[in-house]
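Visitor: Quick one: sequence and predicted model below, then my questions.
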Amino acid sequence: VQLVESGGGSVQPGGSLRLTCTYTHNKNSMGWFRQAPGKEREGVAAIYTDGDFTWYANSVEGRFIISQDSAKNTVYLQMNALKPEDTAMYYCAADSTGPIFGVGTASDFTYWGQGTQVTVS
């Protein structure tokens with residue numbers, strides 16, 4: 001399984017970005033994580049593709065939206081009202097397990113993309 005992220009960049013506070021994750025093989029659980037320098041990788045949003053169930057970290061609830069387009073083998077992360085504290089490397093992750101019922105931790109996901117940088121300043 002290969003995951004490729006795109007859509008990162010630099011934006012001013014209050015701005016928006018949409019991250020895209022394209023995958024080669026469909027997996028039930030897809031997630032977005034982020035990691036800022038000196039900090040642990042944290043879950044941001046997750047989607048269980050068989051039913052479109054979604055979960056969000058408290059820090060992004062109401063601002064970020066995770067969605068999928070299975071016909072295009074793509075998962076999106078729409079990020080609105082961005083804040084400086086959203087600055088991080090963002091990673092797409094996938095796993096074949098059932099619903100995690102939350103954003104999960106890094107150990108819950110087997111497959112990872114290379115990351116795309118988001119800078120808010």
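Guide: Structure's in. What do you need?
Visitor: Can you give me every residue that contacts the closest residue to residue 8 other than its chain neighbours?
Guide: Take residue 8 and drop its neighbours on the chain: the residue closest to it by Cβ to Cβ, 6 or more residues apart in numbering is residue 116, 3.4 Å away. Using the backbone N, CA and C atoms, a C-beta is placed for each residue, glycine as well. Contacts for residue 116 (Cβ atoms under 8 Å, 6 or more residues apart in numbering) come out as 5-8, 19, 89-90.
Visitor: Turn those into TSV, columns for pLDDT.
Guide: Listed next are these as TSV, based on pLDDT from 0 to 100:
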residue	pLDDT
5	97
6	97
7	97
8	97
19	98
89	98
90	98
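Visitor: Can you say which of these are buried?
Guide: Listed as buried from the contacts of residue 116 are 5, 7-8, 19, 89-90; burial here means 16 or more other Cβ atoms under 10 Å.
Visitor: tell me which element residue 32 is part of?
Guide: Residue 32 belongs to strand 29-35 when assigned by DSSP states H and E.
Visitor: Could you name the helices and strands sitting against that strand?
Guide: For strand 29-35, the packing partners by 3 or more Cβ pairs under 8 Å, 6 or more residues apart in numbering; DSSP states H and E come out as strand 17-23, strand 42-48, strand 64-69, strand 74-79, strand 88-95.
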